[in-house]
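Colleague: Quick one: sequence and predicted model below, then my questions.
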Amino acid sequence: MASLIQLRDMLALQGRMEAHQLSQALKTPQPMIDAMLMRLEAMGKAKRVQEEADGCLSGSCKSCPEGKACLREWWMLQ
């Protein structure tokens, strides 16, 4: 189980990562990583960055049945 400091350090070393990548790298369950990322965001230490829809191959992300599953969400330190 990773700590908040380990999560912050991983983001500092890697630059930006997705939550599932952090979960795998730190061997911590995804819901716990999500909660820690939200806490870092509330403290003003991390920020969420979403990709633009320009990268969508079909061009129809808004009507996508997966609910924008093709858009990636990254986390990085502020």
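Modeller: Cool, got the structure.

Colleague: Contacts only, for E51.
Modeller: Shown in contact with E51 (CB atoms under 8 Å, 6 or more residues apart in numbering): 71-74. (C-beta placed from N, C-alpha, C; glycine too.)

Colleague: Over to M10?
Modeller: By CB under 8 Å, 6+ apart, the neighbours of M10 are 2, 17, 22, 25-26.

Colleague: coming back round to it: where is pLDDT lowest across the contacts of E51?
Modeller: Lowest pLDDT within these is found at L71 (71).

Colleague: Distance check, it against Q50.
Modeller: Separation of L71 from Q50 (CB to CB, to the nearest Å) stands at 6 Å.

Colleague: now do Q78
Modeller: Q78 is 16 Å from Q50, by CB to CB.

Colleague: where does this structure dip in pLDDT?
Modeller: For the chain, the stretches with pLDDT under 70 are 52-70.

Colleague: Show me what the longest helix along it is packed up against.
Modeller: Longest helix in the chain by number of residues (criterion: DSSP state H): helix 30-42. In terms of contacts (3 or more CB pairs under 8 Å, 6 or more residues apart in numbering; DSSP states H and E), helix 30-42 is packed against helix 4-14, helix 19-26, strand 46-50.

Colleague: Could you say which helix or strand holds W74?
Modeller: Assigned by DSSP states H and E, W74 belongs to strand 73-77.
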